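Visitor: here is a sequence with its predicted model. Questions after.
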Amino acid sequence: MNLNEYIRDIVDFPKPGIMYKDITPLLQHPDALKKTLAEFKAGIGELQIDKVVGIESRGFIFASMLAVELHAGFVMVRKANKLPYKTLAETYSLEYGQDQVEIHQDAIKKGDRVLLHDDVLATGGTASAALRLIERLGGEVVQCNFLLELVNLEGRKRLGEKEVYSLLSY
Ligand SMILES: O=P(O)(O)OC[C@H]1O[C@H](OP(=O)(O)OP(=O)(O)O)[C@H](O)[C@@H]1O
Ligand SMILES: Nc1ncnc2[nH]cnc12
């Protein structure tokens, strides 16, 4: 099974000039879902993980599945003003705009080993903002994984020396 076949290109969404990678066909297909999860697990291997951090909103999908598989906690990084408790915030630029993400102050303990997950790595703005939030709380990000990476946008450069594992590259 080739997971590429379950990613749909949408031209000019959400703005002219953007080729949007739609993951919903993959999510609708049980065998593709199962293979995606298995490939993430293979990439994680024997890494010990305390928390899986997922980025709103598409990042929540596989991050929560992985947390169950890894017997780790699941933590949400959300867009501004969505989290109810005390938060830390970071601003970032997106392929199609600017935004702010937040995390609860008690979501990561000092020394926690963290897997950071999102569906797409594009410019890396979102993931690098999430990485800064985790590190400000004293977490150690041991891997950043993504369903797909838009290689020409060079997002992995913004993640420094962190291990980056993407299942699909475009
Ligand atoms: O690498 P970057 O350039 O920062 O782009 C990647 C981010 O963009 C998309 O999120 P979006 O803001 O579209 O939100 P959604 O998941 O709620 O659809 C995607 O899910 C990543 O979070
Ligand atoms: N081209 C794209 N397709 C889907 N999600 C994205 N997030 C940032 N850029 C994206």
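Guide: Structure received. Ligands and ions are numbered 1, 2, ... in the order given.
Visitor: show me where the protein has helices.
Guide: 24-28, 30-44, 59-70, 125-136 (DSSP state H).
Visitor: so which bits of the second one are buried?
Guide: Residues of helix 30-44 classed as buried: 32-33, 35-36, 39-40, 44 (neighbour count, 16 or more other C-beta atoms under 10 Å). Heads up, the C-betas are built off the backbone N, CA and C, glycines and all.
Visitor: cool, and stretch 141-160?
Guide: Under 16+ other C-beta under 10 Å, the buried positions of stretch 141-160 are 141-150, 153, 155-156, 158-159.
Visitor: ok so, going back, which of the buried residues of helix 30-44 sits closest to residue 78?
Guide: Among the buried residues of helix 30-44, residue 40 lies closest to residue 78 (C-beta to C-beta), at 21.6 Å.
Visitor: who's in contact with the closest one?
Guide: 62, 66, 117, 145, 165, 167 (C-beta atoms under 8 Å, 6 or more residues apart in numbering).
Visitor: check the first one and give its pLDDT.
Guide: What that stands for is residue 62. Here the pLDDT value assigned to residue 62 is 98.
Visitor: what count of nearby residues applies to the closest residue to it other than its chain neighbours?
Guide: On the basis of C-beta to C-beta, 6 or more residues apart in numbering, the spatially nearest residue to residue 62 that is not a chain neighbour turns out to be residue 117, at 5.9 Å. Neighbour count of residue 117, defined by other C-beta atoms under 10 Å: 29.
Visitor: tell me what residue 117 is bridged to.
Guide: residue 54, residue 145 (DSSP bridges).
Visitor: remind me which residues of this structure are low pLDDT?
Guide: 95-97 (pLDDT under 70).
Visitor: what residues does it put near ligand 1?
Guide: Contacts of the chain with ligand 1, taken as C-beta under 6 Å from any ligand atom, map to 55-59, 94-95, 118-127, 155.
Visitor: just the buried subset of those residues, please.
Guide: Buried subset of the residues of the chain next to ligand 1 (neighbour count, 16+ other C-beta under 10 Å): 55-56, 58-59, 95, 118-127, 155.
Visitor: list the contacts for the most centrally placed residue in the chain?
Guide: Centrality entry for the chain: nearest residue to the mean C-alpha point is residue 118, 1.4 Å, by C-alpha atoms, centre = their mean. Applying C-beta under 8 Å, 6+ apart, we find residue 118 in contact with 54-55, 58-59, 63, 126-127, 130, 144, 146.
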